[in-house]
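structure, please.
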Amino acid sequence: MKKIRTVLGDILAEELGFTYSHEHLWTNPPANQKDRDLELTDYEASVSELWRFKHAGGNALVDATTLDYGRNASQLKRMSLETNVHVIATTGFNKYIYFPQWVNSLTIKEITQKLVRDVTQGMDGTEAKAGFLKAGSWNQLIHPLEEKVTRAVARAQLETGAPIWLHTEAGTMGLELLDILAEEGVDLSKVAVGHSDRNADPYYHLKLAERGAFVQFDGTSKIKYYPDSTRVMLIKNMLEHDFGKQLLISGDMGRKAYLHAYGGGPGFEYILKKFIPRLLEEGIKKEEIDTIFIQNPANWLAQF
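This next block holds a predicted model:
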């Protein structure tokens, strides 16, 4: 039976429970990112937000902070121990504007070896292992360095079995990233395409799902892009086309302005306390919601 790799060790898939499949507990973007609202480095604030998630009914959280975005495995491990929430961490990269110089200098093979070590030995000088791999692209294009690390991620996946999560800037280039992974021999059923709802195109989402990938809507509550009514429509589109088993939903609360404990909102409670009740009122069945938040994350992450 395959297992899921958390920062505290491997667990059985049925132990995962209710899961947010893309969040951030600890981030520290490089200095070229001038918007420091994206920096989450207050332990007490982050762990308090995780406690809110726990008390609202959450059981597991996927932290998508990459090694080029300030990942800190020791802090993730500490928060998981304190709250008893399963935390699944990543290794890999965000987008080329954040890449360290060594990404340009090293070969694909050398980058692959680094990723494999994070999955099999531990991250950031700890014994906490990465539970998934991450690659990403820019808006409407894939930078050559992004293609380079995407191929390294693919090769690390083939060596370790770890699932893959893809950052797509503004929901673009998802199909093209899948093309690269497929060229490298990756089974696309082990891949989740993040930020897909930023590109609120039902046709696009179906094309992603037809490739076998998980389609992730992770902008819940972010009305600066569009209202949640649009997201409800996109969810219904996936369900009506029988792709409910390939849908992941989360909030990507990666800013101080999004988190109660940092002085913002709506925080980690929003999906559990407001969005899911709305989905039920909108006619989405509880069994479908359980599939999206319990079964699908477990099926995507249980690759070890």
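
can you pull out the strands in the stretch 1-150 of the chain?
Here the stretch 1-150 of the chain has its strands, by DSSP state E, counting those that start in this stretch, at 3-6, 9-12, 19-23, 60-63, 86-88, 90-92, 132-137.

output those strands as JSON lines; include the columns mean neighbour count and distance to G264.
Any C-beta I mention is one placed from the backbone N, CA and C, and that applies to glycine too. JSON lines is the format used below for these (neighbours: other CB atoms under 10 Å; distance: least, CB to CB, whole Å):
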{"stretch": "strand 3-6", "mean neighbour count": "24", "distance to G264": "27"}
{"stretch": "strand 9-12", "mean neighbour count": "15", "distance to G264": "31"}
{"stretch": "strand 19-23", "mean neighbour count": "27", "distance to G264": "14"}
{"stretch": "strand 60-63", "mean neighbour count": "28", "distance to G264": "18"}
{"stretch": "strand 86-88", "mean neighbour count": "25", "distance to G264": "21"}
{"stretch": "strand 90-92", "mean neighbour count": "29", "distance to G264": "24"}
{"stretch": "strand 132-137", "mean neighbour count": "28", "distance to G264": "24"}
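
okay if I get these as TSV plus mean pLDDT and distance to I249?
Converted to TSV, the strands of the stretch 1-150 of the chain look like this (pLDDT from 0 to 100; distance: least, CB to CB, whole Å):
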stretch	mean pLDDT	distance to I249
strand 3-6	98	18
strand 9-12	98	21
strand 19-23	98	7
strand 60-63	98	12
strand 86-88	99	16
strand 90-92	98	18
strand 132-137	98	17
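
what about those strands, which gets the closest to I223?
strand 19-23 (18.3 Å; CB to CB).

how about residues contacting that closest one?
53, 58-64, 86, 165, 192, 194, 216, 218, 248-254, 268, 271, 293-294, 296-298, 300 (CB atoms under 8 Å, 6 or more residues apart in numbering).

now with 7 Å?
58-64, 194, 216, 218, 248, 250-253, 271, 293-294, 297 (CB atoms under 7 Å, 6 or more residues apart in numbering).

in JSON lines: the strands of the stretch 1-150 of the chain, plus distance to H205.
As requested, these are exported to JSON lines (distance: least, CB to CB, whole Å):
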{"stretch": "strand 3-6", "distance to H205": "25"}
{"stretch": "strand 9-12", "distance to H205": "30"}
{"stretch": "strand 19-23", "distance to H205": "16"}
{"stretch": "strand 60-63", "distance to H205": "20"}
{"stretch": "strand 86-88", "distance to H205": "24"}
{"stretch": "strand 90-92", "distance to H205": "23"}
{"stretch": "strand 132-137", "distance to H205": "17"}
